[in-house]
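Peer 1: coords please:
(2 chains)
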Amino acid sequence: MARGIPLLVTTPIFYANAAPHVGHAYTGIASDVIARCWRQQDRKTFLLTGTDEHGQKVADTAAKAGVTPQAFVDQQAKVFEHVFRKLDIGFDRFIRTTEPDHIAGVQEFLQKLKAATTPLGRPAVYQGEYSGLYCQGCERFYTEKELVDGKCPLHNTVPQQLVEHNWFFRLADYLPIIQKAIAKNELKLIPTTTKQEVLGFFKQGVQDFSISRERVRWGVPLPWDPTQTAYVWVDALPNYLTGVGFGKDAKHARNWWRGDVVHVMARDILKFHAVYWPALLLAVGEPMPSTIVAHGFFTVNGQKMSKSIGNVVDPVDLIAKYGVDGTRYLLLTPFPFGQDGDLPVERFTERYNADLANGLGNLVSRTTNMVERYANGVVKLAKAPKSLAKTRKLTETFQFSQALADIWATVTWANQAIDKARPWDLAKGEHATDAKKLAALLAELVAQLKEIAVAITPYLPETGATLTKCLRQKKIVKAPPLFQRVV
RNA sequence: CGCGGGAUGGAGCAGUAGCAGCUCGCCGGGCUCAUAAUCCGGAGGUCGGGGGUGCAAAUCCCCCUCCCGCACCCA
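Peer 2: Okay, the predicted model is just below:
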C-alpha cells in the first residue's frame, strides 16, 4: 500500500434486518483502526460503512412489526449509525442502499453489466430459470434444508415447486482471471488462510448466479426488466462504488476507486467479495479492489454466540461499562486479528483494570505527578527510549493484537524504569548528579508517553488525544485518571 | 475421506526448527511517585497420543484421539 495514493477502506454494509451486535462493532473498529493509522500519516483516506436495506427478509420483518419497509429501515439505519458513532468509528460516509443516489448508481451498474461482453465474447448477462420450493405465505423460496418435515417452518404448509425466470451473470467466464489475480497477489487476500480458503472455492467450482428476483418487491428494479428486482448482493456490493460517488460524481468516484481499496469483513461473506464482486467489476470495466481482509468469528466465553443461548453481546453495554476506548481495546486484544477466537467477556473487567487502569492509566498518573512535583511541570525534549515504529507496521499489516501487545510492552518497560531509577530518592538531592539524573529520567518518560500516545491513537482515539494534550502543556500537571477502575 | 478451526503450566492465549513465552490467578519479598496502583523473586508445562525426517521439532511428514464452527442469528 503506497503512501502516495488514496485509500478507500470499507466495512460491509450491515443487513438492516437485526440489531447491531458486537460482531458488527468488531469489523467496524478494525476498519477504523486501519483508516486512522493511515490518516495519521497524512494519507488521503476514506472510510465507508452503512446499511444494506433491501430484500425479502427486511420486508418480512417490517411486516411483522406492522410498519412499512422504509419506516423499518429508517429506524434500523439510525440505530446502526448511532452505535458506530458511539464506537468512535470515523466513517466519511454512512451509505444506505435505499438512498436515491445508491439506487441510481446500482441501476447504472446493472445497465453496464447488461451491455457487457465477457472475455469469451458472450453476453455477461443471460436469461435463465430458477426452480425451487416456494411458500405462498412467506412469498419466498426455501431450500430443502430449511424445511421442517418438508413443510415451511412458519406456515407449516408444503411449499410448491415453482419456476422463476431470472437474469443470470456469466461468472464462469471471469473466474480464471480472478483466480490468477489472487494467486499472483494482485488481489491480496489477508490473512493467508483467507487466500487458501478462496482458492479452495475455485477448486470446488463456483456456479453462475442469478442477479435478479421475480418475486421480491423490496429491492432495486432492473432497468430493462422492471418485473424483477436486483438480487440483494448485486444491490449491496456496488455500495462500495456508489458510496464514493459512482453514478453521481464520476470524478470523485474515480479518485477513490482508482487508489487502494481495502474491503474488511468477516469470513462468511468472503465468496461474495473475493469472487462475485471482482467478476462484476471486471464486467463493467472497473478495477478490482486491491485487498480483501477477512477476520474470523468469535465465541463468547467459549460458547457460540447466538440468540437462543442468549449470550449475544451488545456493544452498547460494553461501552457503558468500559467506555469507548475500553471496548475497542477489549475487543481487539484477546486473539490475533483474522483468526477465530474467544471473547472472554467474563474476564473483561480484569483485563480492563490490569491493562488500562493499572497499566497505562497509572503510568500516566505517576509520571505526570512526578513531573509536576519534581520538575515544576517542565521537562526537556528527549528521545523515547523505546521506538514504536514497528508497531505502526504491525497495524498497517492488520496485526492489531500484536501491535497492542507491543505498545503495552513499553508501558511495562516504563514502569520498570521508574522503579529502577527511584526518582523519589533522586528528588531528595543527596548527590550533585541526582538532579541531572532525575531530569533526564523524567524527560525520557514524557517522550516515551508521547510516543505511546501516537501509537495508541488509531486504537484508542480518545485516550490518544487526551494523553497528547496533557503532555503538550507548557507546564505538565498531574493528569486525572485516564481510565476509571471498573468494579 | 464433506469444508474449516483447534488441542501449549490453574484459566486464557503467543510462538511454523535452535536453550518453552505472555497475561491473569497463586505464594513470598521490596517500594511509596502513582488509580490499594507499581517493581522483584518463586511454584507450576515431558507443548493431545504414537511414529518418522533433522545436529536440532511445539514448530516439517505420516497415523490416531478428542473439542468447536459450517442450525436460528450473523461480523
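Peer 1: just the strands in the stretch 1-150 of chain A please.
Peer 2: Here the stretch 1-150 of chain A has its strands, by DSSP state E, counting those that start in this stretch, at A:7-15, A:45-52, A:93-96, A:125-135, A:140-142.
Peer 1: Leaving out chain neighbours, which residue sits closest to A:Lys188?
Peer 2: Excluding the flanking residues, the one nearest A:Lys188 by C-beta to C-beta, 6 or more residues apart in numbering is A:Thr291, at 4.4 Å. Where C-beta positions appear, they are placed from N, C-alpha and C, glycine not excepted.
Peer 1: neighbouring contacts of stretch A:418-433?
Peer 2: For stretch A:418-433, contacts defined as C-beta atoms under 8 Å, 6 or more residues apart in numbering pick out A:366-367, A:370, A:373-374, A:434-435, A:437-438, A:441-442, A:445.
Peer 1: pLDDT at A:Gln448, what is it?
Peer 2: For A:Gln448, the model assigns a pLDDT of 96.
Peer 1: Tell me the spacing between it and RNA strand B.
Peer 2: Separation of A:Gln448 from RNA strand B (C-beta to the nearest atom of the strand, to the nearest Å) stands at 14 Å.
Peer 1: from memory that residue sits against A:Ser387, does it?
Peer 2: No - with contact defined as C-beta atoms under 8 Å, A:Gln448 and A:Ser387 do not form a contacting pair (9.8 Å).
Peer 1: Among the contacts of stretch A:418-433, which ones lie close to RNA strand B?
Peer 2: By C-beta under 7 Å from any atom of the strand, the members of these lying near RNA strand B are A:366, A:370, A:373.
Peer 1: and the stretch 1-150 of chain A, which residues reach RNA strand B?
Peer 2: Counting by C-beta under 7 Å from any atom of the strand, the residues of the stretch 1-150 of chain A lying close to RNA strand B are A:12, A:14-15, A:17-18, A:21, A:23-24, A:26-27, A:57, A:145-146.
Peer 1: Same check on the stretch 151-300 of chain A?
Peer 2: So the stretch 151-300 of chain A meets RNA strand B at A:193, A:196-197, A:200, A:265-266, A:268-269, A:295-299 (C-beta under 7 Å from any atom of the strand).
Peer 1: For the residue in the stretch 101-250 of chain A that RNA strand B sits nearest to, grab the count of nearby residues.
Peer 2: Using C-beta to the nearest atom of the strand, the closest approach of the stretch 101-250 of chain A to RNA strand B is made by A:Thr193 at 4.9 Å. Around A:Thr193 sit 15 other residues, with neighbours defined as other C-beta atoms under 10 Å.
Peer 1: What average pLDDT does stretch A:174-193 get?
Peer 2: Stretch A:174-193 comes out at a mean pLDDT of 87.
Peer 1: Compare A:Gln448 and A:Ser387 and say which one has the larger neighbour count.
Peer 2: A:Gln448 (24 against 12).
Peer 1: so who does that one touch?
Peer 2: A:384-386, A:410, A:413-414.
Peer 1: cool, A:Lys64 as well?
Peer 2: Listed by C-beta under 8 Å, 6+ apart, the contact set of A:Lys64 is empty.
Peer 1: Any idea what the residue nearest to A:Trp38 when sequence neighbours are not counted is bridged to?
Peer 2: Closest residue to A:Trp38 apart from its sequence neighbours, by C-beta to C-beta, 6+ apart: A:Thr45 at 4.8 Å. With DSSP bridges as the criterion, A:Thr45 is bridged to A:Leu7.
Peer 1: Mind checking which of the contacts of stretch A:418-433 are buried?
Peer 2: A:366-367, A:370, A:374, A:438, A:441-442, A:445 (16 or more other C-beta atoms under 10 Å).
Peer 1: Filter these down to the ones in strands?
Peer 2: With DSSP state E as the criterion, strands contain none of the buried ones among the contacts of stretch A:418-433.
Peer 1: which residue does the stretch 351-487 of chain A bring closest to RNA strand B?
Peer 2: For the stretch 351-487 of chain A, C-beta to the nearest atom of the strand, closest residue to RNA strand B: A:Gly361, 1.9 Å.
Peer 1: How many residues are close by that residue?
Peer 2: Counted with other C-beta under 10 Å, residues neighbouring A:Gly361 total 21.
Peer 1: follow-up on the earlier one: please verify my assumption that the residue nearest to A:Trp38 contacts A:Ser31.
Peer 2: No - if you go by C-beta under 8 Å, A:Thr45 and A:Ser31 don't touch, sitting 10.8 Å apart.
Peer 1: Between the two, which contacts overlap?
Peer 2: A:Val9.
Peer 1: before we move on, the earlier item: before we move on, what SS does the closest residue to the residue of the stretch 101-250 of chain A closest to RNA strand B other than its chain neighbours have?
Peer 2: Closest residue to A:Thr193 apart from its sequence neighbours, by C-beta to C-beta, 6+ apart: A:Gly338 at 7.1 Å. When classified by DSSP: H, G, I helix; E, B strand; the rest coil, A:Gly338 comes out as coil.
Peer 1: dump the residue contacts of A:Thr291.
Peer 2: Residues in contact with A:Thr291, defined by C-beta under 8 Å, 6+ apart, are A:1, A:187-190, A:260-263.
Peer 1: at 7 Å instead, please
Peer 2: Taking C-beta atoms under 7 Å, 6 or more residues apart in numbering as the criterion, A:Thr291 is in contact with A:188, A:190, A:260, A:262.
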